[in-house]
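Novice: heads up, no residue letters with this:
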């Protein structure tokens, strides 16, 4: 048993984040916003890596979120973060500052996507809550 009762409604709402990778228009808009936000702010090799691996990075962030409703996935949260996000970034030689810049840009870009505001007004609240937690965990675990 878990000592802390997880917010089941929040965990169910995390499944709505799949729109970021499942809707082609939303995905392309998000990718474009993140990349334009990071261009010139991070080293070119890291930027090129983000541009070419955006789909994998995005899938990882979204799949970890949408899987948290299942207790096994919840238990594997940190393992998944390390294996699916942190290790690939480390292998690509991203600095901790690069990881932080990416996660911040990734989170903030969603606020500029009209489809998300219009169709899912609660989306941004859930998104911000998840990404704030994810960013803190990743940065705590990340050693470049």
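Specialist: Noted; the coordinates are in hand. None of these values were measured; they are calculated from a predicted model.
Novice: where does the prediction get shaky in this structure?
Specialist: Applying pLDDT under 70 to the chain picks out residues 1-6, 119-121, 144.
Novice: show me where it has its helices.
Specialist: 8-13, 19-22, 24-38, 44-67, 71-75, 77-80, 87-91, 96-109, 114-119, 123-141 (DSSP state H).
Novice: what residues sit buried inside the first one?
Specialist: So the one you mean is helix 8-13. For helix 8-13, burial by neighbour count (16 or more other CB atoms under 10 Å) applies to 11, 13. C-beta here means a position set from N, CA and C on the backbone, and glycine is covered the same way.
Novice: just checking, what packs against it?
Specialist: Identification of packing neighbours for helix 8-13 by 3 or more CB pairs under 8 Å, 6 or more residues apart in numbering; DSSP states H and E yields helix 123-141.
Novice: ok, and what's touching the helix it packs on?
Specialist: Contact partners of helix 123-141, identified using CB atoms under 8 Å, 6 or more residues apart in numbering, comprise 10, 13-14, 16-17, 19, 61, 64-65, 77-78, 81-82, 85-86, 96, 99-100, 103-104, 106-107, 110-111, 116-117.
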